[in-house]
Structures are given as structure tokens and as C-alpha cells.
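J.: Sequence and predicted structure below; questions after.
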Amino acid sequence: MERLFVDIAGWAAALLILGGYALLTAGKVDAKSPLYQAMNVLGAIGFIINSGYFKAWPSAVLNVIWAGIGIVALIRIASARRKPAATA
């Protein structure tokens, strides 16, 4: 059962990362879109689970950093959206 969860996490991660990139490339989302960044963060978390389970440490570390970048981007997006509302 554990292995099934890890496999699902890995495949879901791949779909999220590829789907986000496809949406970005097709011009359906912007790089500063919360949707795009959330897809990257969730995809990275899935890859952390999968690569950590299989002890693929370079991939796990890469995805920790990838998720961190996405989380920072989401915080900045949220902050930028609050600023105009606060000054109005």
C-alpha cells in the first residue's frame, strides 16, 4: 500500500509539473499565476515523496529547492495582491 502511494505521488507530480509547463507554454497561465506556482509546489512535493522513498537524493534535494522557490513566489503573489487592497 505504501509503495502504491509513492507511485501515485510520483505520477501525479509528473502530471502537475508537465501540465503547468504546458499551460505556461500555451499562454494559458502566466509564470506569476498562483495556479502555475501551486502546480509546481504540489508537483515538487510529490517528487520529494517519490524520490525520497527510492533514496534518489539529488532529485529529492532539487525538488525541495523547487518547492521552496514556488512557495516564495506564492507568498510574493499574495503579498502583491494585498497591497493595492490595503491602500484603497
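T.: Arrived safely.

J.: Just name the shakiest helix or strand of this structure by mean pLDDT.
T.: Across the helices and strands of the chain, the lowest-confidence element by mean pLDDT, DSSP states H and E is helix 57-87, at a mean of 92.

J.: how about that one: buried residues?
T.: Residues of helix 57-87 classed as buried: 59-60, 63-64, 66-67, 70, 73-74, 77 (neighbour count, 16 or more other Cβ atoms under 10 Å). Using the backbone N, CA and C atoms, a C-beta is placed for each residue, glycine as well.

J.: Just put those in JSON lines and tack on distance to residue 48.
T.: Below are these laid out as JSON lines (distance: Cβ to Cβ, whole Å):
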{"residue": "59", "distance to residue 48": "9"}
{"residue": "60", "distance to residue 48": "6"}
{"residue": "63", "distance to residue 48": "5"}
{"residue": "64", "distance to residue 48": "6"}
{"residue": "66", "distance to residue 48": "9"}
{"residue": "67", "distance to residue 48": "7"}
{"residue": "70", "distance to residue 48": "12"}
{"residue": "73", "distance to residue 48": "17"}
{"residue": "74", "distance to residue 48": "17"}
{"residue": "77", "distance to residue 48": "22"}
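
J.: So what's the model's average confidence on stretch 19-38?
T.: Model confidence over stretch 19-38, given as mean pLDDT, is 98.

J.: any idea how far the closest residue to residue 32 other than its chain neighbours is from residue 60?
T.: Counting by Cβ to Cβ, 6 or more residues apart in numbering, residue 77 is the residue found nearest to residue 32 once chain neighbours are left out, at 6.0 Å. Residue 77 is 26 Å from residue 60, where distance means Cβ to Cβ, to the nearest Å.

J.: With residue 34 instead?
T.: Taken as Cβ to Cβ, the span from residue 34 to residue 60 is 25 Å.

J.: same question, residue 68
T.: 13 Å.
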